[in-house]
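Asks: The following comprises the amino acid sequence and a computationally predicted model.
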Amino acid sequence: MELFNTFTLLVSTSFLLIWFWLKNNYNFWKKRNIESSHYEYFWGSMKEVFLQKDTFSDSTRKIYREFKDKGARHGGLFFLWVPLYMPIDIEIVKSIIQVDFQHFVNRGIYVNEKADPLSAHLFSLQGKKWKLLRNKLTPTFTSGKIRMMFETLVDCTKGLEKLMDKEMGKSVDIKDILGRFTTDVIGSCAFGLNCNSLEDPKSEFRVRGKSLFEKELGRSIKDAILFLLPNLMKKLNMKMIPEDISNFFMTVVKDTVEYREKNNISRKDFMDLLIQLKNKGKLVDDDQIGTEQITEAENYITLDEICAQAFIFFEAGFETSSTAMTFCLYELAKNKEIQKKAREEMRIVLSRHEGKLTYDAAMEMHYVEQVINETLRKYPPGPILNRICTKEYKVPNTDIVLEKGIRVMIPVMGIHRDPEHYPDPEKFDPERFSEENKRNIKPFTFLPFGEGPRVCIGVRFGMMQAKVGLTALLLNYDFDMSEDTKEPLEFDPRSFILLTKGGIWLKYRRTENKYTEL
Ligand code: HEM
Ligand SMILES: *[C@@H]1O[C@H](CO)[C@@H](O)[C@H](O)[C@H]1NC(C)=O
Ligand SMILES: *[C@@H]1O[C@H](CO)[C@@H](O)[C@H](O)[C@H]1NC(C)=O
């Protein structure tokens with residue numbers, strides 16, 4: 001009896017304590033005089049996402065609308081019990097990611113160099129370490145370097161065409177095919193390997209790459225815990241990347257570096273540039289790389305650092321780009337006039353370049369670029385951007401102060417589909433990005449690659465990869481909706497990146513004027 005009483009007392013006290021803590025926690029925004037979105041105890045504002053009844057991108061869009069419809073310039077929400085600040089006014093967005101970047105240098109995602117060397121990549125690194133590495137890597141992404149890699153990129157379209165011809169007449173999951181294409185491209189340009197995943201869908205690179213994004217429940221939960229309790233996890237020395245994936249990428253990179261150094265091999269790819277940074281501290285044709293603050297010695301990168309960067313080029317480069325191209329082909333299959341116009345432009349431009357897809361030819365494809373940008377507007381692969389407040393910040397033109405440690409969520413999807421910024425936002429209309437209409441797009445309302453000093457470092461390469469892939473496909477094939485195309489698109493609630501459930505199925509046939517010479 002005695003024991004039972006003590007037990008009841010303990011349980012009820014802890015229950016009360018938790019309840020008070022939660023009550024206090026969910027007053028977080030109210031106390032700071034910031035509008036709070038709807039929330040439920042424990043679940044926060046995104047319950048439907050956790051119950052897999054809604055997608056992450058739609059959920060953030062709804063919260064954006066909730067604030068916007070109240071006329072708020074910003075608001076606060078809860079990811080479970082963690083408070084997140086969401087700017088709505090584009091001026092505040094701009095301040096956070098560009099003007100007052102010094103207050104929001106980091107993304108606040110887990111990084112643990114010691115336990116998990118692969119996690120120390122450009123996307124997750126913080127503060128000075130990030131800045132230093134960003135300076136070192138920037139020269140590898142200039143237009144000159146992309147031009148140099150262009151051939152390697154175009155080479156990967158050969159496998160694409162071969163596969164398309166083989167599957168002719170069937171309805172295909174274009175997402176899978178493009179995922180294999182971008183795996184080959186990044187494998188080839190970042191790792192210097194012939195992955196052959198277009199030929200062999202069971203190739204190890206493809207399988208590992210896919211498993212990075214198609215997570216089992218256990219890993220999704222682990223990722224959430226790493227996001228919710230990063231400091232505790234760091235103390236416990238938790239690894240973010242599963243051991244087998246980590247071992248695979250580390251071994252592949254180390255073998256490649258060793259092989260190239262031993263045999264004095266240089267190739268036109270990112271790996272070559274990374275090896276130059278490791279051995280020479282600079283790129284051979286860039287003498288101005290060391291800016292004033294950086295000494296020569298600091299320019300060098302280590303083998304572990306090469307592994308982490310190659311890994312993030314792969315993780316950040318293959319799924320985003322293949323997703324963008326997939327949504328693009330889906331919209332083009334629905335809007336045949338636009339498809340025709342894009343194909344026409346490709347043909348006209350190529351005829352000016354002896355039928356060859358060169359870097360200069362790709363640069364001339366303005367309409368194709370409009371089509372890609374409209375795709376990235378309607379379907380931004382990253383539906384939000386995140387930042388963490390690294391230095392106390394007074395929000396401009398308000399008396400509200402955000403303290404250090406507050407997390408920020410920039411609602412990219414909400415902004416991209418806001419009729420104030422893009423009239424009739426559900427309509428797929430590349431004319432929004434035409435030379436004359438483009439000036440109506442307000443700065444910082446088009447954020448598929450982010451903005452400011454932490455903008456996507458691979459934006460040029462990503463755009464180029466999409467152009468090359470689309471050209472290879474549209475020149476030779478005409479795409480249509482098929483009986484298997486699911487309408488409307490159903491997004492995958494499990495994925496943070498914008499993905500559809502079960503891929504996107506399209507049918508296609510060869511176009512009449514065949515263009516094989518790429
Ligand atoms: C269509 C393709 C792509 C899309 C939509 C995309 C999107 C993004 C976005 C939204 C960010 C965050 C920006 C921010 O927080 O402001 C980012 C960062 C990054 N992306 Fe991309 N990306 C693409 C392709 C690539 C490629 C091909 C690479 C590498 C080869 C790459 C490497 C990176 C890296 C390293 C970062 C971190 C930059 C930093 O923190 O300094 N991305 N990307
Ligand atoms: C490696 O190749 C470069 C040119 O590709 C050459 O200049 C250099 O001498 C070679 N080094 C060795 C050790 O063979
Ligand atoms: C498309 O978007 C990219 C990346 O934001 C930009 O550099 C380019 O100028 C845009 N092109 C057009 C035609 O709007």
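Replies: Structure received. Since this is a predicted model, take the numbers as computed values, not measurements. Numbering: from 1, shown residues only. Ligands and ions are numbered 1, 2, ... in the order given.
Asks: residue ranges of the helices in the stretch 151-300 of the chain, please?
Replies: 174-190, 204-213, 217-228, 230-235, 243-263, 270-280 (DSSP state H, counting those that start in this stretch).
Asks: Of those helices, flag the one that's most buried.
Replies: Of all those, helix 174-190 has the most neighbours on average by mean count of other Cβ atoms under 10 Å, namely a mean of 25. C-beta here means a position set from N, CA and C on the backbone, and glycine is covered the same way.
Asks: which other helices and strands contact it?
Replies: With contacts taken as 3 or more Cβ pairs under 8 Å, 6 or more residues apart in numbering; DSSP states H and E, helix 174-190 sits against helix 143-166, helix 204-213, helix 270-280, helix 303-334, helix 459-476.
Asks: Report the mean confidence score over that helix.
Replies: Per-residue pLDDT over helix 174-190 has a mean of 92.
Asks: Kindly reformat the helices of the stretch 151-300 of the chain as a markdown table containing distance to ligand 1.
Replies: As requested, the helices of the stretch 151-300 of the chain are exported to a markdown table (distance: least, Cβ to the nearest ligand atom, whole Å):
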| stretch | distance to ligand 1 |
| --- | --- |
| helix 174-190 | 6 |
| helix 204-213 | 13 |
| helix 217-228 | 15 |
| helix 230-235 | 17 |
| helix 243-263 | 14 |
| helix 270-280 | 7 |
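Asks: So which of the ones you listed is nearest Arg432?
Replies: Comparison of these against Arg432 by Cβ to Cβ identifies helix 174-190 as nearest, at 23.7 Å.
Asks: mind saving the C-alpha coords of that closest one as CSV?
Replies: Coordinates of the C-alpha atoms in helix 174-190 are reproduced here as CSV (Å, rounded to 0.1, in the frame of the first residue of the first chain):
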residue,chain,number,x,y,z
ILE,A,174,10.6,8.8,-65.3
LYS,A,175,11.7,9.6,-61.7
ASP,A,176,13.6,6.3,-61.6
ILE,A,177,15.3,6.9,-64.9
LEU,A,178,16.3,10.4,-64.1
GLY,A,179,17.5,9.4,-60.6
ARG,A,180,19.8,6.9,-62.4
PHE,A,181,20.9,9.6,-64.8
THR,A,182,21.9,12.1,-62.1
THR,A,183,23.5,9.3,-60.1
ASP,A,184,25.7,8.6,-63.1
VAL,A,185,26.4,12.3,-63.6
ILE,A,186,27.4,13.0,-60.0
GLY,A,187,29.2,9.7,-59.7
SER,A,188,31.2,10.7,-62.7
CYS,A,189,31.7,14.4,-61.9
ALA,A,190,32.2,14.2,-58.1
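Asks: Now do that helix against helix 243-263, angle only.
Replies: Between helix 174-190 and helix 243-263, the angle comes out at 40 degrees (axes from the mean of the first three to the mean of the last three Cα atoms, to 10 degrees).
Asks: so how far is helix 174-190 from its chain's centroid?
Replies: 15 Å (Cα atoms, centre = their mean, to the nearest Å).
Asks: Same question for stretch 365-377.
Replies: Distance, centroid of stretch 365-377 to centroid of chain: 17 Å (Cα atoms, centre = their mean).
Asks: could the helices of the stretch 151-300 of the chain go into JSON lines alongside distance to Gln102?
Replies: Shown next, in JSON lines, are these (distance: least, Cβ to Cβ, whole Å):
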{"stretch": "helix 174-190", "distance to Gln102": "31"}
{"stretch": "helix 204-213", "distance to Gln102": "32"}
{"stretch": "helix 217-228", "distance to Gln102": "24"}
{"stretch": "helix 230-235", "distance to Gln102": "21"}
{"stretch": "helix 243-263", "distance to Gln102": "33"}
{"stretch": "helix 270-280", "distance to Gln102": "26"}
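Asks: Okay, now the unreliable bits of the chain?
Replies: Within the chain, the ranges that satisfy pLDDT under 70 run 1, 284-298, 513-518.
Asks: Any residues of it in contact with ligand 3? List them.
Replies: Neighbours of ligand 3 within the chain, by Cβ under 6 Å from any ligand atom: 369-370, 373, 433, 438, 449, 459.
Asks: and the closest residue to Arg147 other than its chain neighbours, how many residues sit next to it?
Replies: Spatial nearest neighbour of Arg147, excluding adjacent residues (Cβ to Cβ, 6 or more residues apart in numbering): Tyr359 at 4.6 Å. Per other Cβ atoms under 10 Å, the neighbour tally for Tyr359 reads 18.
Asks: if I read this right, Tyr359 contacts Ile146, doesn't it?
Replies: Yes: at 7.4 Å, Tyr359 and Ile146 qualify as touching, with contact defined as Cβ atoms under 8 Å.
Asks: who touches both of those two?
Replies: Met464 (Cβ atoms under 8 Å, 6 or more residues apart in numbering).
Asks: List the backbone torsions phi and psi for the closest residue to Lys53 other than its chain neighbours.
Replies: Excluding the flanking residues, the one nearest Lys53 by Cβ to Cβ, 6+ apart is Pro493, at 7.1 Å. Per-residue torsions, Pro493: phi -70, psi -20 (degrees, to the nearest 10).
Asks: Any idea how far stretch 379-399 is from the middle of the chain?
Replies: Relative to its parent chain, stretch 379-399 has a centroid offset of 17 Å by Cα atoms, centre = their mean.
Asks: no no, stretch 443-459
Replies: 11 Å.
Asks: Any chance you could list what contacts that stretch?
Replies: For stretch 443-459, using Cβ under 8 Å, 6+ apart, the contacting residues are 90, 93-94, 97-98, 101, 105, 107, 122, 134, 137-138, 141, 313, 316-317, 324, 373, 376-377, 380-382, 385, 387, 410, 412, 415-416, 418, 421-422, 462.
Asks: ok, and does that stretch reach over to ligand 1?
Replies: Yes: using Cβ under 6 Å from any ligand atom, a contact is recorded between stretch 443-459 and ligand 1, made by 448-451, 454-458.
Asks: Measure how buried the residue of the stretch 1-150 of the chain found nearest ligand 3 is and give me the count.
Replies: Closest to ligand 3 within the stretch 1-150 of the chain is Ser143: 11.3 Å, counting by Cβ to the nearest ligand atom. Neighbourhood size, Ser143 [other Cβ under 10 Å]: 12.
Asks: same thing with Gly502?
Replies: Count around Gly502 with other Cβ under 10 Å applied: 12.
Asks: Got a PyMOL select line for the buried ones in the residues of the chain next to ligand 3?
Replies: Here is the PyMOL command that selects the buried residues among those (16 or more other Cβ atoms under 10 Å):
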select buried, resi 369+370+373+433+449
